[in-house]
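**Q** my questions are about this predicted structure, shown below with the sequence.
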Amino acid sequence: MDSSTDRIADPWGPRTPYAPGAPWPARTDTHLAEGVAEEDVERWVRSASILHSNGDALDIAVRDGRIVGVRGRAVDRVNRGRLGPKDLYGWQANHSPDRLTRPLVRENGRLVESDWDTAMDRIAARTKNLLDERGPGAVGFYTSGQLFLEEYYTLALIAHVGIRTNHLDGNTRLCTATAAEALKETFGSDGQPGSYEDVDHADTIALFGHNVAETQTVLWMRMLDRLEGSDPPRLLCVDPRYTPVARRADVHLAPRPGTNVALLNALLHEIIRTGRTDRAYIDAHTVGFGELAARVEECTPKWAAEICDVPAAQIERAAELLGGARRLLSTVLQGVYQSHQASAAAVQVNNLHLIRGMLGRPGCGLLQMNGQPTAENTRECGANGDLPGFRNWQNDEHVAQLAEIWNVEPDAIPHYGPPTHAMQILRYAEQGSLGMLWITGTNPAVSLPELARIRSILAQERLFVVVQDLFLTETAQLADVVLPAATWGEKTGTFTNTDRTVHLSEKAVEPPGEARPDLDIFLDFAARMDFRDKDGGPLIGWRDPQGAFAAWQRCSAGRPCDYTGLSYDKLRHGSGIQWPCTEDAPDGTARLYTDGITYAHPDACESYGKDMVTGATVTPVEYRSLNPDGKAVIKAAEYLPPHEDASPEYPLRLITGRTVYHFHTRTKTGRAPELNAAAPDVWAEISPAEASAQGLADGDLVQVTTPRGAIRARLRTTAIRDGVVFVPFHYGYWDTPQGHRPPDGRPGRAANETTITDWDPLSKQPLFKTAAARVTLVSRRDDARRGTGTGTAGSAS
C-alpha cells in the first residue's frame with residue numbers, strides 16, 4: 001500500500017481475503033516523509049513496532065542521518081508487511097524539537113541542565129547513602145514495557161543483586177500483569193499458549209474485553225481478512241462498548257462492568273450442562289474439573305442475566321457458539337485485566353479452553369494479550385520483580401540456579417517474599433520507607449490511578465526521584481534528576497511480542513544531543529556503584545547489547561522462554577522467531593502445550609498459585625498435594641460484587657480505555673501530527689438514552705466526577721451500554737499551559753484524576769474500569785461556538 005492512502009480515515013486498509021488453513025497474503029504498507037520517495041532512501045534498517053504489543057515487523061527508512069519513514073516487512077510471520085496508524089506515523093516523535101538532550105538536576109527547586117557525570121554521581125551518591133543508612137528496602141525501581149530485553153535483564157540484575165531490593169516493577173503492572181498471573185495460575189508458568197497463526201485456522205474467535213481493532217490493528221486486519229474470505233469464523237465479542245469488533249460479531253455481549261466472572265461462569269455452566277466438554281483431555285491433562293463443575297452448577301444464564309444485565313438468551317447463544325467450535329481461538333485484554341476480579345475472570349477463559357480440549361493445535365489458541373511492545377520481556381527478564389527466566393521465588397533450587405548464573409550466593413537474591421508490586425512501591429514512598437524511586441520509560445503522573453495522590457507522593461522532598469525518558473513528561477517535571485534516553489531507532493536490542501515472536505531492532509540513527517541508550521545508563525550506574533560478584537569480579541560482565549543478549553540466553557536455558565537457539569545474526573537474516581527457540585527447535589515454536597502441560601510440575605513451575613479471592617500465596621506443600629504430576633490447574637471462582645458500585649450520587653460506572661490513534665500518555669503519538677490531529681483532546685462517551693435523560697447532546701462540555709476527582713471533556717453519544725461512561729486515558733498535561741497537573745482548583749482532563757486506588761488481589765493490577773461516576777453539563781456546544789461558554793475541554797484543563 002503506498003503512502004498516499006489515508007490510514008487515519010481507514011486505519012485497517014484494504015482487505016486481502018483468505019480461506020481457512022491458507023497462508024495470510026502479504027500486503028506491504030509504507031509511509032515516507034513528505035517529499036521523500038523510496039529511491040531517496042539511503043538505508044532500510046530492520047526493527048518492529050514500538051507503539052503497541054502486536055510486534056509488527058518493519059524497516060526504518062534513513063536519509064541524511066534522519067528517520068524519514070517506515071515500511072512493513074512482507075516476509076514476517078506477524079504482519080506480512082502490514083502496519084497500523086501508530087506504526088506509519090509515530091516515528092515522527094523521534095525528531096520532536098522538545099526531546100531531552102542533556103541531563104537535568106534539581107537546584108533550588110528548579111530543574112536545570114547539567115552533565116552526565118554530575119547527574120550520575122548524584123544518583124550513585126544518594127543510592128549509597130540510602131543503602132548505608134536504611135538498607136535495600138529504601139530503593140525502588142519502576143520501569144516500562146517499552147525498553148529492550150537487554151536493558152530489562154541488566155536492570156533486573158542491578159535491582160535483584162546489586163541493590164538487593166524486592167522493590168522492582170514495570171508499568172506492565174497496569175496492562176498485562178493479569179495476563180501473566182492467569183497463565184501462572186492455570187499452566188504453572190507465564191508464556192502464551194497460542195499463536196497469531198491460529199487466526200488462520202480457527203472456526204470461532206472469541207474476544208473477551210479486547211478491542212483488537214484499536215489496540216492491535218494489524219491483528220484485526222488478519223481477522224477481517226478471514227471474515228471476508230470463504231468459510232469465515234464466527235465471532236463473539238464481550239465488551240460494554242459497541243466497538244468495531246462488536247459491529248462484526250455474530251454475538252455481542254455487553255455486560256455491566258465488574259461482572260465478568262458471573263458471565264464466564266454462566267458460559268462454563270452451559271458448556272458443561274450440554275456435554276460439550278472433552279473428558280479425555282480433562283482427565284489426561286488437568287486437575288480441578290470437579291470443583292469447577294460444582295461451582296458453576298447454579299450459575300445459569302438466567303442467574304447471570306440478573307447480575308450482568310445481559311439477556312439470558314444472548315448468553316445461551318454465546319455458549320452455543322463456544323460449545324460448537326471445532327477450532328476455538330480466544331483473546332483477552334483490558335476489559336478483563338483492568339476490571340473487578342481480573343485474574344479470576346481471565347482464568348475462567350483458560351478453563352474454557354481446558355474443558356473443551358482447545359489447546360496446542362492449529363486454530364485452538366489462547367492469547368492472554370499484552371498491552372505494550374516489550375511487556376513480555378519485562379516479565380521474562382524479571383524487571384517486573386519476578387525472578388528471570390520464569391523462575392519461582394519460592395523454589396530454593398530455582399534461586400540457586402540464578403545464583404550460579406550470576407556467580408553470587410543464593411542469599412544475595414531477595415526471595416523472602418513475593419516481589420513488591422507498583423502500587424505497594426508507591427505506598428512505601430507515601431509512608432516514607434522508600435527514599436528513592438528510579439522511573440524509566442513510563443509516566444505514572446498520568447497513567448496511575450487517583451492522580452492527585454500520585455503527584456503528592458512524587459513531589460515529596462524526602463523522596464529522591466530519578467526519571468529516565470525522552471521528554472520532560474508530567475512525571476519528569478517532578479523529578480530530582482532527569483536522564484535523557486535514546487529510543488527505538490536510536491539503539492539496538494531485541495523485543496518479544498504477545499505471541500512470543502522475537503524481533504531485532506537495530507540502531508538506525510544517532511540519538512539527539514547527549515541522549516544515551518537505557519542500557520548504557522544502567523551500565524554506567526552499575527560501574528559507579530562497583531557492584532561485584534562473590535569472587536570480586538564485576539557483577540555485570542557485558543558492555544553492549546549483544547553481550548547482554550548472550551548473558552540472557554544462558555539465563556533462559558532450559559526454561560519456558562528458552563532463547564538459546566536465537567542470535568542477532570539469525571534474526572538479521574530472517575525475521576521474527578517465536579520462543580522457545582533451541583537446538584531441538586531451531587525455527588522456534590508456534591504453540592505451547594502441543595503434548596501436554598510442560599512447566600506445571602512442582603519442581604519446574606514459576607508459581608504455585610494464589611487463592612482466587614484473597615490472593616494469598618499457595619505453599620509448595622499445598623501445590624504438590626494438589627498437582628503432583630504437573631497438570632494444568634482448573635481453578636473455579638465465585639462471583640463477588642465490585643468494591644465500588646453505582647449509587648444515587650454516582651449513578652454511572654466509569655471505564656477508561658484506548659483509542660486507535662494514541663498510545664499510553666501520548667508522549668510519542670501526541671507529537672506525530674497525523675495522530676494528534678485525529679484525536680487531539682479527551683472526550684467522554686455515554687449512550688443516547690443516558691444523554692437524553694440528562695438533556696445532554698453531542699459536543700456539550702461535561703464534567704465527569706467520581707469520589708476522587710473530576711475531569712471535563714466533550715461529550716460523544718455512542719452505542720455504549722446504558723449506565724456506563726467511557727473516557728480515554730491518554731490525555732495528560734504536557735501540552736497544556738500547566739505542564740504536569742490540572743489548573744489550581746479546576747477539573748483536569750486526565751482520566752486517572754477520577755479512578756480508584758484498588759487492585760486485583762492476585763495480579764495486583766489496578767482496576768481502571770470499576771469506578772462510580774456522574775456526568776453533568778458544564779456548557780452547551782452552541783455556547784462554546786458563540787464564545788459564551790466556560791471553555792473547551794482543552795482550555796478547561
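**A** Looks like it arrived, so ask away. Note that this is a predicted model, so its numbers are computed, not measured.

**Q** tell me the SS of the residue nearest the centre of the chain?
**A** Closest residue to the average C-alpha location of the chain: Gly371 at 2.7 Å, with C-alpha atoms, centre = their mean. Following DSSP: H, G, I helix; E, B strand; the rest coil, Gly371 is assigned to coil.

**Q** right, and it touches Val336 too?
**A** No. With contact defined as C-beta atoms under 8 Å, Gly371 does not reach Val336; the gap is 11.9 Å. The C-beta positions use only the backbone N, C-alpha and C, and glycine is treated the same way.

**Q** thinking Leu470 is in contact with Leu483, fair?
**A** No. The pair formed by Leu470 and Leu483 falls short of the contact definition of C-beta under 8 Å, at 10.4 Å.

**Q** and after the longest helix that the chain contains, which helix or strand comes next?
**A** Ranked by residue count under DSSP state H, the longest helix found in the chain is helix 116-133. For helix 116-133, the succeeding helix or strand toward the C-terminus, using DSSP states H and E, is strand 139-143.

**Q** how distant is that next one from the center of its chain?
**A** 18 Å (C-alpha atoms, centre = their mean, to the nearest Å).

**Q** following it, which helix or strand shows up next?
**A** Next along the chain after strand 139-143, taking DSSP H and E as the criterion, comes helix 149-157.

**Q** who's in contact with stretch 639-649?
**A** Among residues not part of stretch 639-649, those counted as contacts by C-beta atoms under 8 Å, 6 or more residues apart in numbering are 257-259, 261-262, 265, 299, 307, 340-341, 613, 652-653, 707, 723, 756, 758, 770-772, 774.

**Q** just the buried members of those residues?
**A** 257-259, 261-262, 265, 299, 307, 340-341, 652-653, 723, 756, 758, 770-772, 774 (16 or more other C-beta atoms under 10 Å).

**Q** which of those fall in strands?
**A** Among these, the members found in strands (DSSP state E) are 652-653, 771-772, 774.

**Q** of those residues, just say which sits nearest to Ala22.
**A** When these are compared for distance to Ala22 (C-beta to C-beta), Arg653 comes out closest, at 42.5 Å.

**Q** find the nearest non-adjacent residue to the closest one, please.
**A** Pro257 (4.6 Å; C-beta to C-beta, 6 or more residues apart in numbering).

**Q** circling back to that earlier point, which outside residues touch the longest helix of the chain?
**A** Defining contact as C-beta under 8 Å, 6+ apart, one finds that helix 116-133 is touched by 103-105, 138-139, 163, 435-436, 438, 464, 466, 480-481, 483, 514, 516, 521, 524-525, 528-529.

**Q** for the residue nearest to Pro362 when sequence neighbours are not counted, what are its contacts?
**A** Across the structure, with C-beta to C-beta, 6+ apart as the measure, the residue nearest Pro362 apart from its sequence neighbours is His201 (4.1 Å). Counting by C-beta under 8 Å, 6+ apart, His201 makes contact with 20-21, 327, 362-363.

**Q** what are the phi and psi values for His201?
**A** Listed backbone geometry of His201 is phi -110, psi -20, with angles given as degrees, to the nearest 10.

**Q** ok, now Val105?
**A** Backbone geometry at Val105, expressed as degrees, to the nearest 10, gives phi -130, psi 150.

**Q** coming back round to it: narrow the contacts of stretch 639-649 to those in helices?
**A** In helices, defined here by DSSP H, the members of those are 261-262, 265, 307.

**Q** neighbours around the residue nearest to Ile50 when sequence neighbours are not counted, how many?
**A** Leaving aside its sequence neighbours, Ile50 sits nearest to Trp488 (C-beta to C-beta, 6+ apart; 4.1 Å). As a burial measure, the neighbour count of Trp488 was computed by other C-beta atoms under 10 Å and equals 27.

**Q** so what's Asp250 up against?
**A** Here Asp250 is in contact with 234-236, 321 (criterion: C-beta under 8 Å, 6+ apart).

**Q** cool, Leu767 as well?
**A** For Leu767, the set of contacting residues under the criterion of C-beta under 8 Å, 6+ apart consists of 338-340, 342, 449, 755-756, 758-760.

**Q** how many residues are close by Asp98?
**A** Applying other C-beta under 10 Å, I find that Asp98 has 12 neighbouring residues.

**Q** that one touches Leu470, doesn't it?
**A** No. Counting by C-beta under 8 Å, Leu470 is not a contact partner of Asp98; they are 9.3 Å apart.

**Q** need the overlap of contacts for the two.
**A** The contact sets of Asp98 and Leu470 do not overlap (C-beta under 8 Å, 6+ apart).

**Q** so His730 touches His662, yeah?
**A** Yes. His730 lies in contact with His662 (C-beta under 8 Å); the separation is 4.2 Å.

**Q** so what's the residue nearest to the centre of the chain closest to, chain neighbours aside?
**A** Once flanking residues are discounted, Gly371 sits nearest to Cys175: 3.1 Å by C-beta to C-beta, 6+ apart.

**Q** for Pro642, same thing?
**A** Gly258 (3.8 Å).

**Q** enumerate every residue touching that neighbour.
**A** With contact taken as C-beta under 8 Å, 6+ apart, Gly258 is in contact with 339-341, 641-642, 645, 653, 769-770.

**Q** surely Ser47 is in a strand?
**A** Yes. Residue state for Ser47 (three-state DSSP) corresponds to a strand.

**Q** to what extent is it buried, counted in neighbours?
**A** If you count neighbours by other C-beta under 10 Å, Ser47 ends up with 25.

**Q** I'd say it and Leu58 touch.
**A** Yes. Counting by C-beta under 8 Å, Leu58 is a contact partner of Ser47 at 5.9 Å.

**Q** so who does Ala304 touch?
**A** Contacts of Ala304 by C-beta under 8 Å, 6+ apart are 259, 262-263, 265-266, 310, 312, 315.

**Q** run the last query once more with 6 Å
**A** Shown here is Ala304, whose contacts under the criterion C-beta atoms under 6 Å, 6 or more residues apart in numbering are 262-263, 266, 315.

**Q** quick one: the residues you listed as a markdown table, columns for pLDDT too.
**A** Formatted as a markdown table, the contacts of Ala304 follow (pLDDT from 0 to 100):
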| residue | pLDDT |
| --- | --- |
| Ala262 | 98 |
| Leu263 | 98 |
| Ala266 | 98 |
| Ile315 | 98 |
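
**Q** mean confidence (pLDDT) on stretch 337-353, please.
**A** Summarised as a single mean, pLDDT over stretch 337-353 is 98.

**Q** ok, now stretch 71-78?
**A** The average pLDDT within stretch 71-78 is 98.

**Q** which non-adjacent residue is nearest Asp760?
**A** The spatial neighbour of Asp760 that comes closest, neighbours along the chain excluded (C-beta to C-beta, 6+ apart), is Ala342 at 4.1 Å.

**Q** how close does that neighbour sit to Thr442?
**A** When distances are taken as C-beta to C-beta, to the nearest Å, Ala342 and Thr442 turn out to be 20 Å apart.

**Q** got it, and Leu472?
**A** In terms of C-beta to C-beta, Leu472 sits 14 Å off from Thr442.

**Q** just Glu397 next, same as before
**A** With the distance defined as C-beta to C-beta, Glu397 ends up 33 Å from Thr442.

**Q** more neighbours: those two, which one.
**A** In this view Glu397 and Thr442 are compared by other C-beta under 10 Å, and Thr442 has more residues nearby, 30 against 11.
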